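[1] please find the sequence and the predicted model below.
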Amino acid sequence: MSLHDQDDPALRAAQEDRLRKVWEPPSGLFFRWTDTNNNRVGIWYVLTAFCFMLFAGVLALVMRTQLAIPANALVSANLFNQLFTLHGSVMMFLFAVPMFEAVSIILLPQLLAARDLPFPRLSAFGYWSFLIGGVFVSGSIFFDAAPDGGWFMYPPYTTRTDMTGLGADIWMLGLSFIEVSSVAAAVELIVGVLKCRPPGMRLNLMPLYAWYILVVAVMILFAFPPLIAGDILFEMERLLNWPFFDPTRGGDPLLWQHLFWIFGHPEVYIVFLPSIALFAMMIPTFSQRHLLGYPWIVLAAVGTAFLSFGLWVHHMFATGLPKISLALFSAASEAVAIPTGVQIFVFIATLWAGRVVWSTPLLYALGSIAMFVIGGLTGVMVAVAPFDWQAHDTYFIVAHLHYVLIGGTLIPLFGGLYYYWPLITGKKLSDRLGRIAFWVLFAGANLTFFPMHFTGLMGMPRRVFTYPAELGVSGLNLASTIGSFLTAAGVALICLDLALSPRRQKAKRNPWHGGTLEWLAHPDDENWGVRSVPLIESRYPIWDQKDFVKKVDEGRFFLPDAEEGRRETIITTVLDARPLAVQRLGGPSVKPMITAVALGSVFILTTYHMYWAALVGSVATLAAILWWLWTGTAEIPEKDEKPIGHGIVLPLYLSGSASPGWWAMFITMMADATAFSGLVFGYFFFWTTHPVFPPHGAGMEGPGVFWPMVAMTLMLAAWGLTVAARTANRRGGVGAARGLLGLGIVLSLAAIGAGLAGPWTTALAPSLHVYPAMVWTLVIWTTAHSGVAAIMQGYTLARSLAGRMTPKHDADLRNITVYMHFMALTAIVTYATIGLFPGVA
Amino acid sequence: MSKRRPRGRMLHGLHSRIVTARVTLWTLIVPPTVWAVHFLFAYLWAAVSCEKAGRFASFPVLFWAGTALALALIVASALVAMVQKETPGDPPPHDAGTDTDRNRFLATATWLLAGLSFAGVVFTALPVLFLLDCR
Ligand code: HEM
Ligand SMILES: [Cu+2]
């Protein structure tokens, strides 16, 4: 079609009709919830996370009321423990991280002028998992069963089943479930940024928000898995009495602290960087100029991401590690201040160079930077080990972390809310109410947390349910309590403003005069995202490209139609966003919801020790996943290619490293490998803490060399067969490929037996000592992966037999080959470690 | 370009090879990855030798050699990035959608990251310089 065709209003109307029909949301009491469109799912996600924030805020108010006066008896010590544990856990796991993902699910497709993210059903799955897990964890407090070990759940007390109830299991299993959904969302966002940019949006033209999403999602990928590994060990100890953290049987509670903080410190940046990303969008708009120092921002984001993984021990300064280790981490903790500072200076410079338009969102942005800087300064203080020995576990830390979190996450999100509300609802929030709310909130937060620096330095420990008047901190505590209610009033004003929104008039389009793509959104928006996918030539196309909005609206760019009645978006190359293919997207479906319910049942039933029912749930989950994949992925299109306008014709099918599915597999496996390395870290950690490792004695001699080597050989052969099957299939040898895959299944299954035979035949007794427990864990991890390998090989074989995979359309086989590469690596590391390392040590 | 004539044939060959080298997201993360590997080894080396041998100052030569290597790698990638970020071609402010500007951007970011990583490695090395035992 040529440019001229789009001059015809009748044609445009027909295209719009088709698009409208294709993107029509499902309706009906139940079926409306099967929607997968990012704008719907994103909004549910945001609202849910917001409600969890309010809930955790109420818990905090109860705590502050208890602490208002000394020796208060409003709540018991036990309930107080549950309150602070749930407050911290909900804020971190159910608000801060999911909120970032939720906002990104709404914004990213708009910023990239994509119709949707590459895997809309995965987003929906993530949302339902989040909802189920979140309600499960939060609800526990109404049954007096909430976790009570603090948001970092330090063993050894938390692993002792005689001292803790179900709460600890609820924390571990409920939050593990949510961690899985966080990783799923991260995969979605990374692939979205790398592969779904509009044509012409090279890496150097990408909106900075997208850079931050990329960086933060990669951080999630490497940060969450060590915690998942820790969760596994933790639950093995609680459910099976395997002594990972029990010093009497060779375990060590410090291992948990390592795994937790390898996650925990990057986590604080995971929740902080997205706020900076929001600023990076707002500040150019409100200074009406390009952001200065674009590469500097990328430096800061990437640099912070790396450095933040070298800081975890600064949470363990008081654990008696060698000073040299402390010093290494102290140094890295000071270094991370550099990139953080860079970002703030870039913003100041941009505002300085531009014509500042004062507005409510900008007020929130600047206010939060002020608060964050105070928190950053106390951070630099506690990163100095000797100072931290004084401040650790006192209210000083509570002050630090709330300054950074309120300044770095909460207020920026409210700023983002005021900025992006018109994008989502077409209406502006009240500037007046917003400003009043800001000042109430700002005063309240400072009144709450500033006194805590002194409360802490005067000796009040954190996490105590009351304190004696003699400590001399009563006045400071009362101030904090008053401040907390003032903060709550500020939040209530914002909620009021939101509640009034439905009665207000629609705003005009692009009310802040932004220059980036998300402002293409129309107040009376259609469900299809963008009318046509534009060609990008500038970082701020709405400002810089001539007649840009008009051309998009009139469908003069790419993919202005949905001729075949399918939801579609354009896939482009990573570096330069050259168009590669048109991807067909999944529409509304109950499958993600069913899968989430099935998977949730596994976690929840395990919490209550209903193992048989949990097993049924696992089988149901597997069935649901296979059904979903079989019917919804790697579909062979009815024709090879289609035109997207301007004479460009794109294929409808991709396989291998150009395709989003391949990237998703690769990224997922990076997370998987990271969790695995957490377990391997555990093995070698115990080697360092024991004078003799492996230890000697009954139940501890094993697993020998023979079976591990057999298992390794079998698994490597299964890997080789899969690679050979891929090559054969590519060359048209369909029969050969099927044979190779069939043999591969047999070998993968045999590797399960051989892997388990090592510890089994040598009678390693996992509840006796940490060594056998560690060996068993590694073996179970690896053999479970062999089982998955067999399922994947079987699935691919079935696809080939069913004619859903052909030599040309081989995405399934290409994707499982990626899995098999990682599988081979896992088998080598596990079996070499357990089989050969004892001989070396 | 012609004004800053590199000395000698070999250097010239190297120079032109650098200018045309492919810049990607992977090359962008080379300097911080060097920092990460150096940091990881420094931590493991200190932790393992303190736990197993009770002292870590017994083979600091290894540590300094590793640090020198890390710094050298970072400086090398900084030099490459420096050449590439001066790629001649499109006019300032170098934020257009062209090959040259995309390369210049990646090179500039790499160069900045190299600076940060250099500081990071030096930061990591300082404690070892001052603390000589495991207490
Ligand atoms: C210059 C940057 C920062 C440095 C050097 C720093 C340093 C520290 C240190 C040393 C601690 C441990 C104190 C102790 O427990 O004794 C700590 C705690 C904490 N920091 Fe930071 N911090 C920085 C930035 C941030 C940011 C940006 C956030 C979040 C947005 C954050 C959130 C926290 C939290 C949540 C804790 C408490 C964890 C807990 O014990 O429950 N910090 N920080
Ligand atoms: Cu930290």
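    Right, received. Where do you want to start? Ligands and ions are numbered 1, 2, ... in the order given.
[2] C-alpha only now, for contacts and for neighbours.
    Will do.
[3] ramachandran coordinates for the closest residue to A:Ser657 other than its chain neighbours?
    Distances taken as C-alpha to C-alpha, 6 or more residues apart in numbering or on different chains put A:Trp663 closest to A:Ser657, at 6.6 Å, once the chain neighbours are dropped. Note on A:Trp663: backbone dihedrals following degrees, to the nearest 10 are phi -60, psi -40.
[4] how near is A:Trp663 to ligand 1?
    From A:Trp663 over to ligand 1 the distance is 29 Å, taken as C-alpha to the nearest ligand atom, to the nearest Å.
[5] what's the answer for A:Ser748, then?
    Using C-alpha to the nearest ligand atom, we find A:Ser748 at a distance of 43 Å from ligand 1.
[6] which residues touch that residue?
    By C-alpha atoms under 8 Å, 6 or more residues apart in numbering or on different chains, the contact set of A:Ser748 is A:714-715, A:718, A:786-787, A:789-790.
[7] how many neighbours does the residue nearest to A:Ser657 have?
    21 (other C-alpha atoms under 10 Å in any protein chain shown).
[8] quick check: it touching A:Val191?
    Yes - contact criterion C-alpha atoms under 8 Å: A:Trp663 and A:Val191 qualify, at 6.6 Å.
[9] circling back: the contacts of A:Ser748 in helices, which ones?
    A:714-715, A:718, A:786-787, A:789-790 (DSSP state H).
[10] from those residues, pick the one nearest A:Pro120.
    A:Ala789 (25.5 Å; C-alpha to C-alpha).
[11] how close does A:Ala711 sit to chain B?
    For A:Ala711, the distance to chain B (C-alpha to the nearest C-alpha, to the nearest Å) stands at 30 Å.
[12] now the one helix or strand that residue maps to, how far from the chain's geometric center?
    Assigned by DSSP states H and E, A:Ala711 belongs to helix A:706-730. The chain centroid and the centroid of helix A:706-730 are separated by 33 Å under C-alpha atoms, centre = their mean, to the nearest Å.
[13] can you give the contact residues for that helix?
    Contacts for helix A:706-730 (C-alpha under 8 Å, 6+ apart): A:734, A:736-738, A:740-741, A:743-745, A:747-748, A:750-755, A:757-758, A:786, A:793, A:806-808, A:810, A:813-814, A:817, A:820-821, A:823-824, A:827-828, A:831-832, A:834-835.
[14] which of those residues fall within helices?
    Residues of the contacts of helix A:706-730 located in helices (DSSP H): A:734, A:736-738, A:740-741, A:743-745, A:747-748, A:750-755, A:757-758, A:786, A:793, A:813-814, A:817, A:820-821, A:823-824, A:827-828, A:831-832, A:834-835.
[15] can you tell me the centre-most residue of chain A?
    A:Ser182 (3.4 Å; C-alpha atoms, centre = their mean).
[16] actually chain B, sorry about that
    B:Ile74 (1.6 Å).
[17] that one: what's it in contact with?
    Counting by C-alpha under 8 Å, 6+ apart, B:Ile74 touches B:30-31, B:34, B:114, B:117-118.
[18] one more time with 6 Å, if that's ok
    The neighbours of B:Ile74, taking C-alpha atoms under 6 Å, 6 or more residues apart in numbering or on different chains as the test, are B:31, B:114.
[19] what about it, which helix or strand?
    In this structure, B:Ile74 is located in helix B:60-85 according to DSSP H and E.
[20] what about that helix, average pLDDT?
    For helix B:60-85, the mean per-residue pLDDT is 89.
[21] now do the buried residues in that helix.
    Residues of helix B:60-85 classed as buried: B:63, B:67, B:70-71, B:73-75, B:77-78, B:80-85 (neighbour count, 16 or more other C-alpha atoms under 10 Å in any protein chain shown).
[22] packing partners of whichever helix or strand comes after that helix?
    Using DSSP H and E, the helix or strand that follows helix B:60-85 towards the C-terminus is helix B:99-130. Contacts defined by 3 or more C-alpha pairs under 6 Å, 6 or more residues apart in numbering or on different chains; DSSP states H and E place helix B:99-130 against helix A:294-307, helix A:323-335, helix B:30-52, helix B:60-85.
[23] need those helices in CSV with distance to A:Thr85, can you?
    Output for the helices and strands packed on helix B:99-130, formatted as CSV (distance: least, C-alpha to C-alpha, whole Å):
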stretch, distance to A:Thr85
helix A:294-307, 27
helix A:323-335, 26
helix B:30-52, 31
helix B:60-85, 42
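[24] of those, which is nearest ligand 1?
    helix A:323-335 (4.7 Å; C-alpha to the nearest ligand atom).
[25] just the angle between the closest one and helix B:99-130, please?
    Going by axes from the mean of the first three to the mean of the last three C-alpha atoms, to 10 degrees, helix A:323-335 is angled at 150 degrees with respect to helix B:99-130.
[26] show me what helix A:323-335 is packed up against.
    Here helix A:323-335 touches helix B:99-130, going by 3+ C-alpha pairs under 6 Å, 6+ apart.
[27] what's the angle between the helix it packs on and helix B:30-52?
    Using the same axes, to 10 degrees: helix B:99-130 against helix B:30-52 is 20 degrees.
[28] how about helix B:99-130 and ligand 1, touching?
    No - Helix B:99-130 lies apart from ligand 1 when judged by C-alpha under 6 Å from any ligand atom; the minimum separation is 13.7 Å.
[29] ok, the nearest residue to A:Tyr608 once chain neighbours are set aside - how many residues close by?
    Leaving out its chain neighbours, the residue that sits closest to A:Tyr608 by C-alpha to C-alpha, 6+ apart is A:Leu166, at 7.7 Å. Using other C-alpha under 10 Å, A:Leu166 has 16 neighbouring residues.
[30] quick one: pLDDT of A:Leu166?
    You'll see A:Leu166 listed with a pLDDT of 89.
[31] do the one 3 residues further on as well
    A:Asp169 carries a pLDDT score of 91 in this model.
[32] report how many residues lie close to the one residue in the stretch 501-650 of chain A that gets nearest to chain B.
    For the stretch 501-650 of chain A and chain B, the shortest gap (C-alpha to the nearest C-alpha) falls at A:Glu537, measuring 5.3 Å. Counted with other C-alpha under 10 Å, residues neighbouring A:Glu537 total 18.
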